[in-house]
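In: would you be able to build a 3D model of this:
(2 chains)
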Amino acid sequence: NAGVTQTPKFRVLKTGQSMTLLCAQDMNHEYMYWYRQDPGMGLRLIHYSVGEGTTAKGEVPDGYNVSRLKKQNFLLGLESAAPSQTSVYFCASSYGRGFGSPLHFGNGTRLTVT
Amino acid sequence: EDQVTQSPEALRLQEGESSSLNCSYTVSGLRGLFWYRQDPGKGPEFLFTLYSAGEEKEKERLKATLTKKESFLHITAPKPEDSATYLCAVQVRSNDYKLSFGAGTTVTVRA
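Out: Prediction:
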């Protein structure tokens, strides 16, 4: 039972390059989320999904796109990477939409954009 | 705008030296307050959910309490394995999907 798995663990991109981060969960959770974590700041929500085939914007969505074609997978794409997107990205999932339904996090992807 | 502030930013403790971490929040309608633990290079791991003022939750050496304006995470007789960053997050009634996270308190416990 792996929980939430993120790939890759590390990536270095040049400005303007594109990439996709993959998140997979095996807990049959409906809700999935992408967060970024920067030094001195709290985790910030990029995009989220309330079920297969749905996506919605979080608080910092600019420069990112997402897709949820299968319930267990949630992809985060960067079409044209910028140095400001250097961060650690965390995927999370939850059974419900909140009110006590805790988030289960992956171990993150450390992305550096040069 | 919802705000979550954690203090102190860093806390160095001697093994066995009890202390408390603070999470203060200004939100319109608290639905729940969450505490997470994060080890270096790992994702946050869920510890507690608190729903209403006066509520308390305990797990081993950790005890979380909640008032109308803040939450405390008390660490009693800490051990080196309690070293981690502790994050709090609030969920407000108007946005069920969104958690607002504080920046965390990094706790280091020396043997």
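In: quick check, pLDDT for the nearest residue to A:Pro8 once chain neighbours are set aside.
Out: Closest residue in space to A:Pro8, ignoring its immediate chain neighbours: A:Thr109 at 6.1 Å, by Cβ to Cβ, 6 or more residues apart in numbering or on different chains. To be clear about C-beta, it is placed using only N, CA and C from the backbone, and glycine gets the same treatment. We have a pLDDT of 97 for A:Thr109.
In: repeat that for A:Gly58.
Out: 92.
In: A:Gly40 contacts B:Gly104, correct?
Out: No - using Cβ atoms under 8 Å, A:Gly40 is not in contact with B:Gly104; the gap is 9.2 Å.
In: which one of these two has more residues nearby?
Out: Higher neighbour count among A:Gly40 and B:Gly104: B:Gly104, with 25 against 7, using other Cβ atoms under 10 Å in any protein chain shown.
In: for the strand or helix carrying B:Arg37, packing partners?
Out: Assigned by DSSP states H and E, B:Arg37 belongs to strand B:30-38. Here strand B:30-38 touches strand B:19-26, strand B:45-50, strand B:62-66, strand B:70-75, strand B:84-92, going by 3 or more Cβ pairs under 8 Å, 6 or more residues apart in numbering or on different chains; DSSP states H and E.
In: low-confidence ranges in chain B?
Out: Applying pLDDT under 70 to chain B picks out residues B:94-96.
In: ignore what I typed, I meant chain A.
Out: For chain A (pLDDT under 70), the answer is A:1, A:97-100.
In: how many residues are close by the residue nearest to A:Ala56 when sequence neighbours are not counted?
Out: In space, and not counting its chain neighbours, A:Ala56 is closest to A:Tyr48: 5.7 Å by Cβ to Cβ, 6+ apart. Neighbours of A:Tyr48 under the rule other Cβ under 10 Å: 24.
In: now the residue nearest to A:Pro8: phi and psi?
Out: Main-chain dihedrals, A:Thr109, degrees, to the nearest 10: phi -120, psi 120.
In: from B:Pro44, how far out is it?
Out: Applying Cβ to Cβ, to the nearest Å, the value for A:Thr109 to B:Pro44 is 15 Å.
In: likewise B:His74?
Out: Distance from B:His74 to B:Pro44, counting by Cβ to Cβ: 19 Å.
In: neighbour count: the two, which is higher?
Out: Comparing B:His74 with B:Pro44 by other Cβ under 10 Å, the one with more neighbours is B:Pro44, at 28 against 15.
In: what's near enough to touch that one?
Out: Counting by Cβ atoms under 8 Å, 6 or more residues apart in numbering or on different chains, B:Pro44 touches A:43, A:90, A:103, A:105, B:36-38, B:87.
In: so who does the residue nearest to A:Ala56 touch?
Out: Taking Cβ under 8 Å, 6+ apart as the test, what A:Tyr48 contacts is A:31-34, A:55-56, A:58, B:97-98.
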